[in-house]
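Student: Have a look; sequence and predicted model below, questions after that.
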Amino acid sequence: LKKIKSWFDYGMYTPIQVAATIALDGDQTCVDEIRATYDKRMHILLEAFENAGWKLQKPRASMFVWAKLPESKRHLKSLEFSKQLLQRASVAVSPGVGFGEAGDEYVRIALIENENR
């Protein structure tokens, strides 16, 4: 039966399952450090954008911030705004339209950049 089941059953490769179990059951210090890093970056970004007049909602559990374009820039839509932001300020964001039409008034900002940059 074991041999037959091995030909027909499917699922996650066993060593991957074992590694995931070890990672989830193991020391979470590195996870806490990474979480703290993203939290710090998020607060820096939120403060900077709010000082520039943007109204952002703090993400609850993500390394991304979704920012609604300021009223004065919404006519550009997310793609054109993203292009201009890159050209004029060397800041890269993801245009919200790339995630569907409903996202066209938003840009997605990844919290991956070193905060000293």
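Tutor: Cool, got the structure.
Student: Just give the closest residue to residue 104, not the sequence neighbours.
Tutor: residue 97 (4.3 Å; Cβ to Cβ, 6 or more residues apart in numbering). To be clear about C-beta, it is placed using only N, CA and C from the backbone, and glycine gets the same treatment.
Student: Secondary structure class of the one you found, three-state.
Tutor: When classified by DSSP: H, G, I helix; E, B strand; the rest coil, residue 97 comes out as helix.
Student: Check residue 67 too.
Tutor: On the basis of three-state DSSP, residue 67 is classed as strand.
Student: number of nearby residues for residue 70?
Tutor: Burial of residue 70 is recorded as 13 neighbouring residues (other Cβ atoms under 10 Å).
Student: Isn't it up against residue 49?
Tutor: No - taking Cβ atoms under 8 Å as the definition, residue 70 is not a contact partner of residue 49, at 9.7 Å.
Student: Please state the offset of the stretch of helix or strand residue 18 belongs to from the chain centre?
Tutor: Under the criterion DSSP states H and E, the helix or strand holding residue 18 is helix 14-25. Computed by Cα atoms, centre = their mean, to the nearest Å, the chain-centroid distance of helix 14-25 equals 24 Å.
Student: Equivalent analysis for stretch 67-79, please.
Tutor: Distance, centroid of stretch 67-79 to centroid of chain: 19 Å (Cα atoms, centre = their mean).
Student: And residue 6, what's its pLDDT?
Tutor: Per-residue confidence (pLDDT) for residue 6: 69.
Student: do the same with the one 4 residues further on
Tutor: According to the prediction, residue 10 has pLDDT 72.
Student: any idea how far it lies from residue 23?
Tutor: 23 Å (Cβ to Cβ, to the nearest Å).
Student: same check, this time on residue 16
Tutor: 10 Å.
Student: quick one: average confidence on stretch 48-67?
Tutor: 91.
Student: buried set for stretch 25-40?
Tutor: Under the neighbour-count criterion of 16 or more other Cβ atoms under 10 Å, stretch 25-40 has residue 38 buried.
Student: ditto for stretch 44-61
Tutor: Residues of stretch 44-61 classed as buried by neighbour count (16+ other Cβ under 10 Å): 45, 46, 49, 54, 56.
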